[in-house]
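[1] Pasting the sequence and the predicted model now:
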Amino acid sequence: MGERLERLRDDVRARLGSLLSGPAPDDQVVDMALVDGMTSLVATFPILEAEVTVVTTGYTQDIGALLPDLTSLLDVTYPYIEGCPKVRREFYQVVGLGEVRFYGAQPTAGEKMLVQYRPRYRLAGLQGSTEDTLPERYEPALAQAAAAHLMWIQATRRRAGGEIDEKAYNLAIAAVQNVLAAAESAVYNVSDRLNNPSWARVGL
């Protein structure tokens, strides 16, 4: 288990403070919240751009197999020739998770495609990962998002158990939404959007 994951667990518990009643959540519960928090922040992470090489000739291409860290596919340019932006691109449709199908020319092994996507960051020790790819600047936002998910879990359990009424539950959910919004803002605040050409290309 990585020291970084342990540090994030402690951060999540510290952020919860007195917001949660009862004993502090154990590592397994916090880890689940970190995974959920990471998922919540995917849409706020900067867009990455990668040039990939077609491995297998065919109209259907598994982009996810070419980019293992892909979690959200945004755009695929084919054919792609660096320095030739006016080459007519082929129409495609997303037909599966990370899979696209072209309906004009058939991508051939060795050709290039340009992919815009949002990544799936990893933390050593979380979900069996052995590597750390989450930029350090996103750690506070992730801890905050994880805390929000733990707040939501407790509010849902307390409502189901009759400990709080509908009004109190709605107030708790509003607090969760505020914490998540703050986590998303934290990602935007530390993301270098102006120097990332991919943001400009999609109008962000």
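    That came through fine.
[2] for the record, mean pLDDT for stretch 137-152?
    If you average the pLDDT over stretch 137-152, you get 94.
[3] in it, what counts as buried?
    For stretch 137-152, burial by neighbour count (16 or more other CB atoms under 10 Å) applies to 138-152. Bear in mind the C-beta positions are built from the backbone N, C-alpha and C, glycine included.
[4] do the same with stretch 157-177
    Arg159, Ile164, Tyr169, Ala172, Val176.
[5] go on, stretch 172-191?
    Neighbour-count burial for stretch 172-191 flags Ala172, Val176, Val179, Leu180, Ala183, Glu184, Ala186, Val187, Ser191 (criterion: 16+ other CB under 10 Å).
[6] Wait, a helix at the fifth one?
    Same thing as Ala183. Yes. Under DSSP: H, G, I helix; E, B strand; the rest coil, Ala183 falls within a helix.
[7] Name the nearest residue to Asp27, sequence neighbours excluded.
    Nearest in space to Asp27, with sequence neighbours left out and distances taken as CB to CB, 6 or more residues apart in numbering, is Arg9 at 6.0 Å.
[8] give me the number of residues near that neighbour?
    Neighbour count for Arg9, taken as other CB atoms under 10 Å: 24.
[9] on that earlier part again, and of the buried residues of stretch 157-177, the nearest to Met32?
    Among the buried residues of stretch 157-177, Val176 lies closest to Met32 (CB to CB), at 15.6 Å.
[10] does the closest one really touch Gln154, like I thought?
    No. Using CB atoms under 8 Å, Val176 makes no contact with Gln154, being 9.7 Å away.
[11] ok, back up a step: can you list which of the buried residues of stretch 137-152 are found in helices?
    Counting by DSSP state H, those place 139-152 in helices.
[12] ok, residues contacting stretch 87-102?
    With CB atoms under 8 Å, 6 or more residues apart in numbering as the contact definition, stretch 87-102 has outside contacts at 59-65, 67, 70, 73, 76-81, 103-105.
[13] Over to Val115. Which of the three states is it?
    Val115 falls in the strand class when you classify it by three-state DSSP.
[14] Show the pLDDT at it.
    96.
[15] is it in a bridge, and if so with what?
    Under DSSP bridges, the beta-bridge partners of Val115 are Ala50, Val76.
[16] That one and Asp69: what is the separation?
    11 Å (CB to CB, to the nearest Å).
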